[in-house]
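In: return a 3D structure for these sequence lines:
(chains A and B)
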Number of protein chains: 2
Amino acid sequence: MASAPKANAVVGQAGGPTAVINASLVGVVEEVCKHGEIENLYGAVHAVRGIVNEDFVDLKKLSVEVLEEIANSSSATLGSSRDRPDKEYCERIFDVFKKRNIRYFFYIGGNDSAHTAHIINLMAADVGYEMRTFHIPKTIDNDLLVTAHCPGYGTAAKFVACALMGDDLDNRALPGVKVDVLMGRHAGFLAGASALGRQREDDGPHLVYLPERNVSLDKFLGDIEDVYRILGRCVVAVSEGICDSDGVVWAEKLAKEREIDSHGNIQLSGTGGLADFLAAQIKGRLGAKRIRADTFGYLQRSFAGFQSAVDADEARRCGREAVKSSMTEQNGSIAIKRLGDGDDYAVELVRTELRNVAERTKPMPDEFINPSGNGVTQAFVRYAMPLTGGLPKTYFLGNHRKLQAVT
Amino acid sequence: MASAPKANAVVGQAGGPTAVINASLVGVVEEVCKHGEIENLYGAVHAVRGIVNEDFVDLKKLSVEVLEEIANSSSATLGSSRDRPDKEYCERIFDVFKKRNIRYFFYIGGNDSAHTAHIINLMAADVGYEMRTFHIPKTIDNDLLVTAHCPGYGTAAKFVACALMGDDLDNRALPGVKVDVLMGRHAGFLAGASALGRQREDDGPHLVYLPERNVSLDKFLGDIEDVYRILGRCVVAVSEGICDSDGVVWAEKLAKEREIDSHGNIQLSGTGGLADFLAAQIKGRLGAKRIRADTFGYLQRSFAGFQSAVDADEARRCGREAVKSSMTEQNGSIAIKRLGDGDDYAVELVRTELRNVAERTKPMPDEFINPSGNGVTQAFVRYAMPLTGGLPKTYFLGNHRKLQAVT
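Out: Now for the predicted structure:
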């Protein structure tokens, strides 16, 4: 391995923003400032599009105070993009890299972004252009390979957990059936997080449906009916990616107008269609009871001032680690390795090859899903709870009224 | 005025829960404990229904620690109800009051609950039953008469403000049109709160539509087109209660299946119908741009662990004040009086007659709405901002790229 070249660097933020993707960016900036090998650090405005358009921000000029404000702000402060560079696009990127002596490329994003970094890394190798290409993981879906969990997920999980804690208390106060549709196209990690705030035996969500387990409408309605019969109420968390018994995504079946993004993904978020459909079905099955359905939408990734401290810290460390690794390695994706779960939670950061993370996604493992396919296990709670940085305690008096009733 | 009777008391929580309705309940409990006139304090489980069913919790038995946990928990810890007592229902309530020597009735709720309290107060006077009836204000809509603002609103406003701050940053990162549908059946206070987090000149929401100003679909779409042409993006906050130019609520026009609650209110929340309709209209007008729409739903009133400190404190003080007033007055509703706005924010609590608060609601005053009817004024910001207890600061680098661009 050649020693780290003295050259310029580019960093970009790609794909759907999260609450801590800026923490990763700030991690990159503060670590770059420690390494004389990197002269200028260009922030690419709107990701790869900013590179080809040479729309850059000089990140070394930002004060420590501004960097802290950025690290605390949700969303991608440089702007994002869903462009997926093809060969011609990558050639334009290289033209800019060569012109500006850019030999470090840090790309914060999900599996699509890792794929972009992978392609660029291969092209650089092909043409003998010495450069260091690093992917820094980011998703709220938590579906990246290799890494034990993904920066961005912990805060989204905290949001979903707090939302369901409040929603369950609301449902206790005015009982009925409540359906909450949650993000997570291919993986149930975020829908599963809805269960993290449960503190009492009869706390909701009472049912959690994940993309990893197909469910027929009949089974779905039967499950709700069973809970409703016992508790007189039912709170249901549903992933936007749940599939019918034939394996087809319910939301796809429902979508009359399908909007497909440049990665071939059908739009599942930003519409209340699935929630409204499910509410109508439940109303049909249970009769004229109080049925409500909400779709949490973009709040899950964007809500301001609500970071998980653990998540923000890890995101920042991943940014730093990418820069450190670039001093000795040609390419890589930063991954989080678990050293302990639950109360013994601890992690270390490791490097993996870009190709190990590119393109594909990871579902929830079987041990996190209950045998009925309508809930999560304690193993999942031990896995996910530490990432939230802790949840508030709640109290509901109605639970205790048998004990404390006035006779 | 007779001296305060030595007797028992009942407290109930009615209508849609808020994040601080439990703080008001705890205020009642802690103040009752200071007054020997009140022997037992019964918490009515599910409001008036708990009274007629004699389903009570002995609130004096709760420890200080449990009371603090309750005060911090969102939703109505005693359970709520949307029952609106008629004459026969009230007679059953009196039977229980007489049987248990209940001569203090504290009822935490909105204008419907104030009306219930008013009726019960009149019936007690009619039959010469000496009792004290007090309403403690609670809404997220902030639409109660007399009081300058309403406990519950400040926290909901904080939630909506943080949601829009994050959503606007998200929209900057991946530009397009974003529509957010907010609660507020008759009043635009909550939709207006979407603007509280704006920190930069081009921050969204760029348009805010309120129930107080009718808007045609054509004007609505034209406004969005104008903003989109200038900024290349647009964030729009829409109250669920907005009306077409003919004064008919849009959501009503759209509702195929209308669910009407026991107060004759049509269900506007718990469905994504309005948001999806508006998104489709915008898509039709602007072409195939990135259009997304979210309906925030019950999160606005129930999200756990997210109280505004100012709101929680005032809610608790209103609970205490009702008990204090009951020692010297026959009936009343507690109201908040403003002594100053903005940085000089200060309040005092006053008592008003139940009849002044019962039934009717209050719209946003004209001075809070901009002349175009699609935004709020600085006067509104000075009014509403203190109630949030403060909002996080955010940062977006894209704003500054003209200044800091690498040339």
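
In: give me the buried positions along the longest strand along chain A.
Out: Ranked by residue count and defined by DSSP state E, the top strand of chain A is strand A:331-340. Applying a neighbour-count criterion of 16 or more other Cβ atoms under 10 Å in any protein chain shown, one finds A:331-336 buried in strand A:331-340. Where you see a C-beta, it was placed from the backbone N, CA and C, and this is true even at glycine.

In: same question for stretch A:100-108.
Out: Of the residues in stretch A:100-108, those buried under the neighbour-count criterion (16+ other Cβ under 10 Å) are A:100, A:102-108.

In: can you put those residues in CSV and add pLDDT, distance to chain B and secondary structure?
Out: Formatted as CSV, these follow (pLDDT from 0 to 100; distance: Cβ to the nearest Cβ, whole Å; DSSP: H, G, I helix; E, B strand; the rest coil):
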residue, pLDDT, distance to chain B, secondary structure
A:Arg100, 96, 9, coil
A:Ile102, 97, 11, strand
A:Arg103, 97, 16, strand
A:Tyr104, 98, 15, strand
A:Phe105, 98, 16, strand
A:Phe106, 98, 15, strand
A:Tyr107, 98, 15, strand
A:Ile108, 98, 12, strand
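
In: tilt between the longest helix seen in chain A and helix B:153-173?
Out: Using DSSP state H to assign secondary structure, the helix with the most residues in chain A is helix A:153-173. Between helix A:153-173 and helix B:153-173, the angle comes out at 140 degrees (axes from the mean of the first three to the mean of the last three Cα atoms, to 10 degrees).

In: could you find the closest non-adjacent residue to the spatially most central residue of chain A?
Out: Ranked by distance to the mean C-alpha position of chain A (Cα atoms, centre = their mean), the top residue is A:Ile140 at 0.8 Å. Here the nearest residue to A:Ile140 in space, its sequence neighbours aside, is A:Ala156; by Cβ to Cβ, 6 or more residues apart in numbering or on different chains that works out to 3.7 Å.

In: is the one you found in contact with A:Met183, as I believe?
Out: Yes. Between A:Ala156 and A:Met183 there is a contact at 7.5 Å, judged by Cβ atoms under 8 Å.

In: joint contacts of those two?
Out: With contacts defined as Cβ atoms under 8 Å, 6 or more residues apart in numbering or on different chains, the residues adjacent to both A:Ala156 and A:Met183 are A:140, A:190, A:300-301.

In: and the helix or strand A:Leu274 falls within, how far out from the chain's middle?
Out: Assignment of secondary structure by DSSP states H and E places A:Leu274 within helix A:273-286. The offset between the C-alpha centroid of helix A:273-286 and the centroid of the whole chain comes to 27 Å, using Cα atoms, centre = their mean, to the nearest Å.

In: which elements pack onto that helix?
Out: Packing contacts for helix A:273-286, counted by 3 or more Cβ pairs under 8 Å, 6 or more residues apart in numbering or on different chains; DSSP states H and E, involve strand A:177-182, helix A:217-231, strand A:234-239, helix A:250-254, strand A:291-295.

In: residue in the stretch 1-150 of chain A nearest to chain B?
Out: Using Cβ to the nearest Cβ, the point where the stretch 1-150 of chain A gets nearest to chain B is A:Ser75, with a distance of 3.4 Å.

In: okay, now that residue: neighbour count?
Out: Counted by other Cβ atoms under 10 Å in any protein chain shown, the residues lying close to A:Ser75 total 31.

In: distance of it relative to A:Leu67?
Out: For A:Ser75, the distance to A:Leu67 equals 16 Å [Cβ to Cβ, to the nearest Å].

In: secondary structure class for A:Lys362?
Out: A:Lys362 carries the three-state label coil when classified by DSSP: H, G, I helix; E, B strand; the rest coil.
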